[in-house]
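[1] Below: sequence and its predicted model.
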Amino acid sequence: MMKSRKFVCWILLGLLLSFSTTSLVLGGDGTIGRWDYDGENGPSRWGEISVEYETCSTGLFQSPIHLTASNLIREEGKIETHYQETPLVINNNGYTIQVDYQPGSYAIINGQKYELKQFHFHIPSEHTLNGQKSDMELHLVHQNEAGKLAVIGVFIEEEKANATLAKIWENLSETEGIQEVKEKTINATNFIADNPTYFHYQGSLTTPPCSENVIWNVIKEPLEASSQQIEQFMNLYPMNARPIQEENDRLVELIIN
Ligand SMILES: [Zn+2]
């Protein structure tokens, strides 16, 4: 009798532990609490929504950060892109518009090879340059064979229309999900200037789970997009930028070639 009661207690304890360590915040209908850019599941709460998101509040190498002209200047470490045309696949994932890339395109960053996986957009920019936000920010997400991530960030400023963006924007849909656009290809090469000047630092994903295995490379010179193009994105996602995080004595280098 004693034994079986003890056994039941252990099972209950086990259940409690497994709930407290693995479960996400459950909504009234039992669904997983969704992280968001404002409201009660906004950025200041991301770390509490799930244990898997804890790094969002405990991490010391979080992104985005302020970038300034006074960051340490170094004169080496090129970004070299070897991007191919890829079939246009647009993923409206509920947080941003993401374009998925087929294998075979890569960047050499500081001598390391990283495969281009996808690129996506934030409005306004997540990083700031000398205290200023840009209208938008493009993130090209790469991964090397060891699983390490490298993101190339590019500011977008309101100016002339951008022809590469236009190809994507023509096919934007309000419906969430993956859309394969027939007989259309795109090349992200057009987003990156030759031999760009860029900020280089160790940071994180800017969305949950905020993992800190990301090498950031934010290009100083912005891309241009028209006010209509910026507005069109804003109609889908009015604001999807994480607030600025503590720099915590990290080395941020401005690399000039
Ligand atoms: Zn991003």
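    In hand now; what should we look at?
[2] For the stretch 151-257 of the chain, just list every one of the strands.
    With strands called from DSSP state E, counting those that start in this stretch, the stretch 151-257 of the chain shows them at 177-186, 198-203, 214-225, 253-255.
[3] Redo those as JSON lines? Include distance to Thr81, mean pLDDT and mean neighbour count.
    (C-beta placed from N, C-alpha, C; glycine too.) Output for these, formatted as JSON lines (distance: least, Cβ to Cβ, whole Å; pLDDT from 0 to 100; neighbours: other Cβ atoms under 10 Å):
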{"stretch": "strand 177-186", "distance to Thr81": "14", "mean pLDDT": "95", "mean neighbour count": "12"}
{"stretch": "strand 198-203", "distance to Thr81": "12", "mean pLDDT": "96", "mean neighbour count": "21"}
{"stretch": "strand 214-225", "distance to Thr81": "11", "mean pLDDT": "97", "mean neighbour count": "21"}
{"stretch": "strand 253-255", "distance to Thr81": "15", "mean pLDDT": "92", "mean neighbour count": "19"}
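[4] Please produce TSV containing these, extended by distance to Asn162.
    Formatted as TSV, the strands of the stretch 151-257 of the chain follow (distance: least, Cβ to Cβ, whole Å):
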stretch	distance to Asn162
strand 177-186	12
strand 198-203	19
strand 214-225	5
strand 253-255	24
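[5] can you tell me which of those strands comes nearest to Pro43?
    Comparison of those against Pro43 by Cβ to Cβ identifies strand 198-203 as nearest, at 15.2 Å.
[6] The closest one packs against which elements?
    Applying 3 or more Cβ pairs under 8 Å, 6 or more residues apart in numbering; DSSP states H and E, one finds that strand 198-203 contacts strand 214-225, strand 253-255.
[7] Now render these as JSON lines, adding distance to Tyr101.
    Output for these, formatted as JSON lines (distance: least, Cβ to Cβ, whole Å):
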{"stretch": "strand 214-225", "distance to Tyr101": "17"}
{"stretch": "strand 253-255", "distance to Tyr101": "24"}
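[8] among the ones you listed, which is nearest Arg45?
    strand 214-225 (21.7 Å).
[9] and of the strands of the stretch 151-257 of the chain, who's closest to Asp135?
    Nearest to Asp135, of those and by Cβ to Cβ, is strand 214-225 at 7.2 Å.
[10] which residues make contact with the closest one from outside it?
    63, 67, 79, 109, 127, 129, 134-136, 138, 148-162, 165, 191-193, 196-205, 254 (Cβ atoms under 8 Å, 6 or more residues apart in numbering).
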